[in-house]
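Chemist: need a structure here:
(one chain, ligands or ions: 2)
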Amino acid sequence: LLSLQPADLLLWDGVAHFSRGDWYGARSRLLGSLQSLREVRGAKLRCGAQCGLGGARVEEAVLHRAECLRACERLELGEPSRYRLTQEMERSFHKATPYNYLQIIHYKLEELDEAASAAFTFYLRNPHHEQIKDDVQRYRTMRGVSKQSFRDLEEPQHMVLYSRAVSLLSEEKLGPAVWRLEESLALYLSALEECRSLCEGTRERENEEHRDISEVIAEYYIQVLQCKQRCVLEDSLRLGQKRSREDMIISHLALLEQGYTKLENWEAAAQIGQSLLLFYPHNETVQRRLSEYKQKLHGQSGGKPREIIATYVHQSLLEKRLLYYAMENLGISFQDPDLWTPEEIIPESLRETVRLGREAEEQRGGDLPYEEVTVTMTPKQMNGTTRVTMDGVISKEECEALLSLAKEAAGSGERVKGRRSPHTPHERIQSLSVLQALQMASSGTVDSSQAHLLYHTSERARVLAEFYFGTKRLHFSYTHLVCRTAIEGKQEGRTDFSHPVHADNCVLDTEEKECWREPPAYVHRDYSGLLYLNEDFQGGNAFFTEMDGTTITAELRPSCGRLVLFSSGGENAHGVRPVTEGKRCAVALWFTESAEHAEQERSQARALMRDRDGPQESTEEETTKNIRESGRSGRSGRETTTAGEDTTSDPERPSGRTQKKRPARKFTDEL
Ligand SMILES: O=C(O)CCC(=O)C(=O)O
Ligand SMILES: [Fe+3]
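Modeler: Ligands and ions are numbered 1, 2, ... in the order given. Sure thing, here's the model as predicted:
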């Protein structure tokens, strides 16, 4: 049985000790949570190895293995409810969240070397996290911190060897380089296998009782395959960079081939060449080199590819085929993480979509600042230049929390009750600004974690806009949670819109096909965003038009977690189709590049966040101030805690402060 407490409990508990300033207590619990996680991983691996694939038919085999895994894990670890993590929690560990607390704890305990390495470990997995970048920078200037302090505490061994091999290769120390590359390739392949095998086993089940068994199995199986495919994205961190998109196996092979060629070991070189051909069967350069090796080998071809690699490629292609099949026929989504996938295995009807997706990813380097967020419609796909649609910006639970916030606020009888929509007599509209939400939370009218979520969510959208459009720093101009509700019995023969075509920062003149950037338009708004929260209503699609107001260029169906971002001018005239049944809710956001026109409300909202929660939350302005101040005052700021010191633009940053209890409600709140 699991000898430690479950990882999530330990993390919780560690954070609680952390907020009380009990550094020793926090440290042991946080380290314990990491250890506990390793223990669970180990047990799952043992079980995976133990449970074969018995049974004659596929369903049987899958069921049998699942059954075996469950029994084995129960024996090794106890009840699944004890060690199974929520997705949210998995994500926290994946992002190495405990290390962000640990770095502060080590700092407080004057363990600077450990502090620096913990900070560095967190930084590598959160390269867009402004505050940690800043912290790492500051550790660099401290006495007691050396170059060696900046090590990745979770660095896989194969990466250590790989980096070493690369430098040996550049020094022309071929023998030792090749030797290390071989070792690191073997380790990488086994780490990959490890990751892939962890995809099976017990997981959260949703009401399965009433469903067809084959459906349940198919769904489970698809999830497992998707998970396995994603494994190549793991463990390929490059120091100080965003996640690498290079395939680790292919990089290894390319270097090995180089090494063996220089060593004039033609046989080994040929074997590697053959292995590379598994990924790129039509690659002429590889083919040409192979015939060179053949010459050197006096006509002998140098044999076959490495078996272990052939097996992997074969297996992976099989999985891809099934997933593409399911994508075509069952409408599941599958983001192929590999760039080498041959076109032949992608069903024809999907090729265009897949190609566009890849292009978009290459365009953006594929690394949005939040892992769960994906671009689902590029500017090109939306027929514009500065408009984009992303999915996965917030989770289902978060959508629900925000919807419930809207409901509570409306039900409270305070100012935010629904009123007639200014745009149409057929709908009511209800609006709640971030500040209103926080004020209502202070007076106990609404749930404060939900109000905080609204604040953090808007910050997320701001970061995404800044990042995707590569703009200057964006400031909030206005943000509110807005719901449009169809008035029952008033929907017959509607010809109007929920929101007529308009542009957000100029007065649209559809006759002249011009947009005048002058009052009464909100001329300082530069970018607009809409984060949708639900889809259970009729009508209500958003659409973009030419400046004539009638030629539709893109249309989009709202859904939970979907964010559309666009520049606020006439190039993005847009409107909303009538909502004819139900309630359509969104967080609407407008940003400005001009600091002078940043809204007052945001700073008041920020102040409220701070009052309640301690100073870890902040926004862009404070982060900027931070960077500036840290230049002057150095690390000592942390003890005196200046306003900006313990703050960040990211809710995942823990506060170094000790007072102020925080309600330990939802864990994500604390992160
Ligand atoms: O909710 C939408 O999809 C668009 C709303 C809008 O354009 C606005 O409020 O300016
Ligand atoms: Fe608008």
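
Chemist: elements contacting the helix or strand containing residue 309?
Modeler: Using DSSP states H and E, residue 309 sits in helix 307-329. Packed against helix 307-329 by the contact rule (3 or more CB pairs under 8 Å, 6 or more residues apart in numbering; DSSP states H and E) you find helix 174-197, helix 213-230, helix 248-262, helix 266-279, helix 348-364. Quick note: C-beta positions are derived from backbone N, CA and C, even for glycine.

Chemist: Return the most buried member of those.
Modeler: helix 266-279 (a mean of 22; mean count of other CB atoms under 10 Å).

Chemist: Show me how far the helix or strand just after it is from its chain's centre.
Modeler: Proceeding N to C from helix 266-279, the next assigned helix or strand is helix 284-296, under DSSP H and E. The chain centroid and the centroid of helix 284-296 are separated by 42 Å, computed with CA atoms, centre = their mean, to the nearest Å.

Chemist: Same check on stretch 374-386?
Modeler: For stretch 374-386, the distance to the chain centre is 19 Å (CA atoms, centre = their mean).

Chemist: Just the endpoints, please. Distance across it?
Modeler: Stretch 374-386 has an end-to-end distance of 17 Å (CA to CA, to the nearest Å).

Chemist: buried stuff in that stretch?
Modeler: The neighbour-count check on stretch 374-386 (16 or more other CB atoms under 10 Å) flags 374, 375, 376, 377, 378, 379, 381, 382, 384, 386 as buried.

Chemist: How about the residues of this protein by ligand 1?
Modeler: Within the chain, the positions adjacent to ligand 1 are 499, 504, 530, 542, 574, 576, 586, 588 by CB under 6 Å from any ligand atom.

Chemist: Rebuild those residues as TSV, extending it with secondary structure, pLDDT and neighbour count.
Modeler: Formatted as TSV, the entries for the residues of the chain next to ligand 1 read as follows, by DSSP: H, G, I helix; E, B strand; the rest coil; pLDDT from 0 to 100; neighbours: other CB atoms under 10 Å:
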residue	secondary structure	pLDDT	neighbour count
499	strand	96	21
504	coil	96	24
530	strand	98	21
542	strand	97	22
574	strand	97	27
576	strand	97	24
586	strand	98	25
588	strand	97	18
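
Chemist: and those as TSV, adding distance to residue 191?
Modeler: Listed next are those as TSV, based on distance: CB to CB, whole Å:
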residue	distance to residue 191
499	51
504	48
530	41
542	44
574	47
576	48
586	42
588	44
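
Chemist: if we take the residues you listed, which one ends up nearest to ligand 1?
Modeler: The closest of the residues of the chain next to ligand 1 to ligand 1 turns out to be residue 542 (CB to the nearest ligand atom; 3.6 Å).

Chemist: residues in contact with residue 546?
Modeler: When contacts are counted by CB atoms under 8 Å, 6 or more residues apart in numbering, residue 546 touches 513, 553, 573.

Chemist: Now the two most distant members of the residues of the chain next to ligand 1.
Modeler: Across those, no pair lies farther apart than 504 and 586, at 13.9 Å, counting by CB to CB.

Chemist: anything in contact with each of the two?
Modeler: Here residue 504 and residue 586 have no joint contacts, going by CB under 8 Å, 6+ apart.

Chemist: quick revisit: can I get the buried ones among the contacts of residue 546 as something I can paste into PyMOL?
Modeler: The following PyMOL line selects those of the contacts of residue 546 that are buried, judged by 16+ other CB under 10 Å:
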select buried, resi 573
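
Chemist: So which residues lie in contact with stretch 98-110, not counting its own?
Modeler: Residues contacting stretch 98-110 (CB under 8 Å, 6+ apart): 11, 14-15, 18, 23-24, 26-27, 30-31, 33-34, 112, 114-116, 118-119, 121-122, 126, 132, 135, 153, 638, 652-654, 656.

Chemist: Report how many residues lie close to residue 575.
Modeler: When neighbours are counted by other CB atoms under 10 Å, residue 575 registers 18.

Chemist: Can I take it that it is in a strand?
Modeler: Yes - under DSSP: H, G, I helix; E, B strand; the rest coil, residue 575 falls within a strand.

Chemist: give me every residue that touches the closest residue to residue 157 other than its chain neighbours.
Modeler: Leaving aside its chain neighbours, residue 157 sits nearest to residue 187 (5.5 Å; criterion: CB to CB, 6 or more residues apart in numbering). Residues near residue 187 by CB under 8 Å, 6+ apart: 156, 157, 158, 161.
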